[in-house]
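A.B. asks: turn this into a structure:
(2 chains)
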Amino acid sequence: VTGADDQGDGDTVERPRWPRRVYGDGSDPDYRFSFANERTFLAWIRTGLAMLAAGLALDVVNLSVPDVLQTVGASALLGLGLLCAVTAWLRWVASESAMRRSRPLPGFGSSMVVCAVLVALALTMAVAVWLG
Amino acid sequence: VDDRGASAERTALAWLRTSLSALGTAAVLTRLTVHDLGPGAFVSLALAGLLTTWTFVDGRRARSGPRPRPARPAARAATLSLAVVAMIFTELAALLTR
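C.D. replies: All right, here's what the predicted structure looks like:
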């Protein structure tokens, strides 16, 4: 499967586009939609980086809470970061495929999971810091 | 340049701030885990460095073209996802072996 450089900018080169799961079928949507999909991917990556930074911070600072709670909290934040980074990619693939094939955009439950875990963790840490 | 809504430029800037965030986070992460993990702590930093270089090179190429190209970001996006995953496993390794 090859994709033509259909923007007509001179150096038209036929090259296979990866991944085939996305580009193997359908046709290019309005490039602005592809760019928007890309920026959504990047926003999820930055959210994942924020989770990683928060987990890292919780690991290295000394709070007046039990060590095990800091370790569990840091692990939970790192798990959320992992979820964000992996679903960012899967969401990009699924959305780009759907747009190329003129299908409805798929829905994802990952933002709900991230929200729920984050709120639970924030409440737990707040109570622990208050009691400690 | 036909870039309605400046979407090519906004996307290039989003790539830049995300790559630089990843590089900065990787630098701090490496600084904090190198004591526990040794040379392994540098793996994710190297990935983030590669990725930022890639972003700069692609950004220059995109700006030199007469029109915004259709987005073809898959390989770079997959590498970025992988870099974040590598960073998270680096920190998990340091956290759980301490």
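A.B. asks: following the helix ranked longest in chain B, which helix or strand shows up next?
C.D. replies: Among the segments of chain B that qualify as a helix by DSSP state H, the longest is helix B:7-37. For helix B:7-37, the following helix or strand on the C-terminal side (DSSP states H and E) is helix B:42-64.
A.B. asks: near chain A at all, that following helix?
C.D. replies: No: using CB under 8 Å from any CB of the partner chain, helix B:42-64 stays clear of chain A, coming no nearer than 10.0 Å. All C-beta spots, glycine's among them, are computed from the backbone N, C-alpha and C.
A.B. asks: keeping just the C-alphas, turn that helix into PDB.
C.D. replies: Output of helix B:42-64 as PDB, limited to C-alpha atoms (Å, rounded to 0.1, in the frame of the first residue of the first chain):
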ATOM      1  CA  PHE B  42      20.000   6.700  30.700                       C
ATOM      2  CA  VAL B  43      17.900   4.600  28.400                       C
ATOM      3  CA  SER B  44      14.800   6.800  28.500                       C
ATOM      4  CA  LEU B  45      16.900  10.000  28.400                       C
ATOM      5  CA  ALA B  46      18.500   8.700  25.200                       C
ATOM      6  CA  LEU B  47      15.000   8.000  23.700                       C
ATOM      7  CA  ALA B  48      13.700  11.400  24.700                       C
ATOM      8  CA  GLY B  49      16.800  13.100  23.200                       C
ATOM      9  CA  LEU B  50      16.400  11.200  20.000                       C
ATOM     10  CA  LEU B  51      12.700  12.200  19.900                       C
ATOM     11  CA  THR B  52      13.400  15.900  20.400                       C
ATOM     12  CA  THR B  53      16.000  15.800  17.700                       C
ATOM     13  CA  TRP B  54      13.500  14.100  15.400                       C
ATOM     14  CA  THR B  55      10.900  16.800  16.200                       C
ATOM     15  CA  PHE B  56      13.300  19.600  15.400                       C
ATOM     16  CA  VAL B  57      14.300  18.000  12.100                       C
ATOM     17  CA  ASP B  58      10.800  17.300  11.000                       C
ATOM     18  CA  GLY B  59       9.700  20.800  12.100                       C
ATOM     19  CA  ARG B  60      12.300  22.400   9.900                       C
ATOM     20  CA  ARG B  61      11.300  20.200   7.000                       C
ATOM     21  CA  ALA B  62       7.600  21.100   7.400                       C
ATOM     22  CA  ARG B  63       8.400  24.800   7.500                       C
ATOM     23  CA  SER B  64      10.500  24.700   4.400                       C
END
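A.B. asks: tell me what it is packed against?
C.D. replies: For helix B:42-64, the helices and strands in contact under the criterion 3 or more CB pairs under 8 Å, 6 or more residues apart in numbering or on different chains; DSSP states H and E are helix B:7-37, helix B:74-97.
A.B. asks: which positions in the first one come out as buried?
C.D. replies: In other words, helix B:7-37. Counting neighbours by 16 or more other CB atoms under 10 Å in any protein chain shown, one finds that the buried residues in helix B:7-37 are B:7-12, B:14-15, B:18-19, B:21-23, B:25-26, B:29-30, B:32-34, B:37.
A.B. asks: tilt between that helix and helix B:42-64?
C.D. replies: If you take axes from the mean of the first three to the mean of the last three CA atoms, to 10 degrees, helix B:7-37 sits at 170 degrees to helix B:42-64.
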